[in-house]
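Visitor: Requesting a structural model of the entry that follows:
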Amino acid sequence: VGSEGHRPPPAAKLAPGAPPASALGGIAQISPCLYLCSGNAAANRHLVSARAVTCVVNATMEIPNANWPDIDYVKVPVPDLPHAPLALYFDSVADRIHQTGKRNGRTLVHCVAGVSRSASLCIAYLMKYHRLSLLDAHQWVKSRRPVVRPNVGFWRQLIDYERRLFGKNTVRMVPSPLGPVPDVYEKETRGLVPLWSYR
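Guide: Next comes the predicted model:
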């Protein structure tokens, strides 16, 4: 496995043959050693055991760890708010996912909905250890779990992290009727008029 983590893997190698998990319910496979889901799915002993998970990253303040005896728990106590410093955990969580994988373990990352905090941590891991650009990492995670949508503040932190890792950016913040958004959302926000303009 050695240097393999440093080349962009073809999509098929990231999650061979695993179908994308549907909507909010299931556990999505992001890479051979990484899964992403909501807090409800993470609390389902059967779902978690079926995937041979050995480490759970709980990216919430709201949900206590299940503390099952055969699983290591990592708590990332950050609220799902744009100003929350999630970037403080990008490296340590990515390193933990990588180390767990090297020991043939599997990591499950969850927040409450499996949409913003946990998705951002998975994207950071793909950038650091699979050398994917932010644009590609986001597209990959969204293809596995279509509901993912980091909040605007986490996008800014991911953009900064990409610049730190690679010296350039593939996603930028652009103005929209709803305020600044990452350009990956530009098309969908173009026609929107903010609600308050109707008051």
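
Visitor: Tell me who's in contact with the closest residue to Y89 other than its chain neighbours.
Guide: Excluding its sequence neighbours, the residue lying closest to Y89 (Cβ to Cβ, 6 or more residues apart in numbering) is V76, at 4.8 Å. C-beta here means a position set from N, CA and C on the backbone, and glycine is covered the same way. Counting by Cβ atoms under 8 Å, 6 or more residues apart in numbering, V76 makes contact with V57, N58, A59, T60, L86, Y89, V93, R117, L121.

Visitor: doesn't A94 make contact with the first one?
Guide: No - under the criterion of Cβ atoms under 8 Å, V57 makes no contact with A94, lying 10.3 Å away.

Visitor: Would you list the phi and psi of the residue nearest the centre of the chain?
Guide: Residue closest to the average C-alpha location in the chain (Cα atoms, centre = their mean): A119, at 2.1 Å. Main-chain torsions, A119, degrees, to the nearest 10: phi -60, psi -40.

Visitor: so what's it up against?
Guide: Contacts of A119 by Cβ under 8 Å, 6+ apart are L36, C111, V141, R145, V148, R149, P150.

Visitor: Tell me the spacing between the third one and R172.
Guide: Just to be clear, that refers to V141. Look at V141 and R172: by Cβ to Cβ, to the nearest Å, they are 19 Å apart.

Visitor: Low-confidence stretches in this protein?
Guide: Scanning the chain for pLDDT under 70 picks out 1-25, 189, 191-199.
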